[in-house]
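Visitor: everything below, folded, please.
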Amino acid sequence: MDAVYSKYLSIVENTASICDKLFEKYKEEITCFAGCRYCCSPLHLRPIELWAIKRRMKLDGFTPPDMNNSKPCPFMAADDSCGIYRYRPLICRIHGIPIKYMVIEYDIDGNRVIHDPPEIEIYYCDRNFSSRSENDDSFFAEEGNCFDMEALQDELGRLNEEFVKTGEGSVFRNLNDWDRILLSDFFRK
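Guide: Numbers count the residues shown, from 1 in each chain. From the prediction side, this is the model:
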């Protein structure tokens, strides 16, 4: 189990390193600030990430704050700051910077539609990069100009597969690769 946890921490460190570089690269165009809650929302995460966040909190002796369901994220403090900032999920760490991701669609029967080649989009908070035109998305698509969400999801997916084979992860074996658990539901247990 320690190997799985160490791999998760390595993913967090790698993500932070990439994000730091991108925030530095775009520091004049990113308007994010502590207490901005524009990108905050209820989160659905893979079991490995939920388990690792909870484990990190426990190892540090950190008790998460009471959840506030009147806020976009139940861990948002009264001043709109993040109540679990040090332990926040990976998606929260990449808010603000340009993100490259694969479009996932489903047909009317709920079956996933596979595009060949995959349809890729660039996303960033619309409060950032306001001086750029929509045609600038091609710039972000170039290597090193945005965060590759697909690479992160692939890495988390592989680690999640490893995690559900462990004793602590076995309770999640019935979930498929695309299933996620609501963060607040997990911490209520």
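Visitor: give me the residue at the spatial middle of this protein.
Guide: By CA atoms, centre = their mean, the chain has its centre lying nearest to Ile91, at 1.8 Å.
Visitor: got the contact list for the nearest residue to it once chain neighbours are set aside?
Guide: Nearest non-adjacent residue to Ile91, counting by CB to CB, 6 or more residues apart in numbering: Leu43, 6.5 Å away. The way it works is simple: take the backbone N, C-alpha and C, and place the C-beta from them, glycine included. Neighbour list for Leu43: Cys73, Pro89, Ile91, Cys92, Leu182, Leu183 [criterion: CB atoms under 8 Å, 6 or more residues apart in numbering].
Visitor: can you say which of those residues are buried?
Guide: Neighbour-count burial (16 or more other CB atoms under 10 Å) is assigned, among the contacts of Leu43, to Cys73, Pro89, Ile91, Cys92, Leu183.
Visitor: can you tell me how far the first one sits from Tyr123?
Guide: For Cys73, the distance to Tyr123 equals 18 Å [CB to CB, to the nearest Å].
Visitor: next: the third one.
Guide: When distance is defined by CB to CB, Ile91 is 11 Å away from Tyr123.
Visitor: do the same with Gly35
Guide: Counting by CB to CB, the gap from Gly35 to Tyr123 is 22 Å.
Visitor: ok, back up a step: would you turn the buried ones among the contacts of Leu43 into JSON lines with secondary structure and pLDDT?
Guide: Listed next are these as JSON lines, based on DSSP: H, G, I helix; E, B strand; the rest coil; pLDDT from 0 to 100:
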{"residue": "Cys73", "secondary structure": "coil", "pLDDT": "86"}
{"residue": "Pro89", "secondary structure": "coil", "pLDDT": "94"}
{"residue": "Ile91", "secondary structure": "helix", "pLDDT": "93"}
{"residue": "Cys92", "secondary structure": "helix", "pLDDT": "92"}
{"residue": "Leu183", "secondary structure": "helix", "pLDDT": "85"}
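Visitor: which one of those sits closest to Glu162?
Guide: Glu162 lies nearest to Pro89 out of these, by CB to CB, at 18.7 Å.
Visitor: if you rank every helix and strand of this protein by mean pLDDT, what lands last?
Guide: Scoring the helices and strands of the chain by mean pLDDT, DSSP states H and E places helix 137-141 at the bottom, with a mean of 72.
Visitor: tell me the helix or strand right after that helix.
Guide: The element immediately downstream of helix 137-141 (helix or strand, assigned by DSSP states H and E) is strand 147-148.
Visitor: distance from the longest helix seen in the chain to the middle of the chain?
Guide: Ordering each helix of the chain by length in residues (DSSP state H) puts helix 2-25 first. Averaging C-alpha positions (CA atoms, centre = their mean, to the nearest Å) puts helix 2-25 12 Å from its chain's average.
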